[in-house]
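>>> this is the structure alone, sequence omitted:
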């Protein structure tokens, strides 16, 4: 089954990706072979994932989350759906970075 995932990098940044095999992909990121961004911001920690029936749905969700502010990603990771909704409704007051 395809997955989307969010990694927290050593500098506190988030990396969002999609994969068919979550365990294998996380191992690649941990070894430094997962991609340029995570190899430069290594080590990484899996902080969130969602499973999908189809890869196109997972990829669409990946792209959606990649466009979110850091604060909105943090709300998703924390399961704070009230804050997630608040940030969705009030995006313009926070600006692109999601910082007040």
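Yes, it's here. From a predicted model like this one, the values you see are computed outputs, not experimental measurements.
>>> where along the chain do the helices fall?
For the chain, the helices defined by DSSP state H cover 22-31, 36-40, 55-66, 70-78, 81-89, 91-94.
>>> so which of those helices is the most packed in?
Of all the helices of the chain, helix 70-78 has the most neighbours on average by mean count of other Cβ atoms under 10 Å, namely a mean of 18. The way it works is simple: take the backbone N, C-alpha and C, and place the C-beta from them, glycine included.
>>> tell me the mean pLDDT for it?
Helix 70-78 shows a mean pLDDT of 95.
>>> you'd agree residue 65 is up against residue 73?
Yes: with contact defined as Cβ atoms under 8 Å, residue 65 and residue 73 form a contacting pair (6.5 Å).
>>> between those two, what contacts are shared?
Residues touching both residue 65 and residue 73 (Cβ atoms under 8 Å, 6 or more residues apart in numbering) are 6, 16.
>>> nearest residue to residue 46 in space, please, no chain neighbours.
residue 26 (5.5 Å; Cβ to Cβ, 6 or more residues apart in numbering).
>>> returning to what we had before: okay if I get the helices of the chain as JSON lines plus distance to residue 1?
Shown next, in JSON lines, are these (distance: least, Cβ to Cβ, whole Å):
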{"stretch": "helix 22-31", "distance to residue 1": "9"}
{"stretch": "helix 36-40", "distance to residue 1": "22"}
{"stretch": "helix 55-66", "distance to residue 1": "9"}
{"stretch": "helix 70-78", "distance to residue 1": "20"}
{"stretch": "helix 81-89", "distance to residue 1": "23"}
{"stretch": "helix 91-94", "distance to residue 1": "31"}
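>>> out of these, nearest to residue 49?
helix 22-31 (6.1 Å; Cβ to Cβ).
>>> quick check: domain ranges of the protein?
Split into domains by automatic domain parsing, the chain comes to 1-54, 68-100.
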